[in-house]
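>>> coords below, sequence missing:
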């Protein structure tokens, strides 16, 4: 619970399994095993899924650019976010936003 709380409160932080384990007060290996058992996903798999959920929410509900969203959810660049999003969703963030009827952000999405 402490690790999840920290992850959710600071999504933009460059999280590692070691850092999450420290938040939980556990060893890296014990934390990773327990997390997988309880959450059904690896810690970094969960982190990526949560980031993508937040990306979709921000694409749908805000006019923020892909670059601005990237920074908010922990990607260094809009390009890095776009690559990760394309891998998981099968289309770019801009195309996903347009398919939901939202206009592109000013200056490109």
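Looks like it came in fine. Note that the structure is predicted; figures quoted are calculated from it, not measured.

>>> what about residue 74, how many neighbours?
Close neighbours of residue 74, defined as other Cβ atoms under 10 Å, add up to 20. For the C-beta atoms, the positions are set from N, CA and C on the backbone; glycine is no exception.

>>> ditto for residue 100
Here the number of neighbours of residue 100 (other Cβ under 10 Å) works out to 11.

>>> Surely it is in contact with residue 58?
No. Using Cβ atoms under 8 Å as the test, residue 100 is too far from residue 58 to be in contact (11.8 Å).

>>> any idea how far residue 90 is from residue 96?
If you measure residue 90 against residue 96 using Cβ to Cβ, to the nearest Å, the figure is 9 Å.

>>> who's more crowded, the two?
The neighbour count for residue 90 versus residue 96, taken as other Cβ under 10 Å, is higher for residue 96 (19 against 9).

>>> before we move on, which element is that one in?
helix 93-99 (DSSP states H and E).

>>> what do you get for residue 26?
Applying DSSP H and E, one finds residue 26 in no helix or strand.

>>> where does it fall, phi/psi-wise?
As for residue 26, its main-chain torsions (degrees, to the nearest 10) stand at phi -130, psi 170.

>>> And for the closest residue to it other than its chain neighbours, the neighbour number?
Distance criterion Cβ to Cβ, 6 or more residues apart in numbering; nearest residue to residue 26, sequence neighbours excluded, is residue 34 at 7.2 Å. When neighbours are defined as other Cβ under 10 Å, residue 34 has 15 of them.
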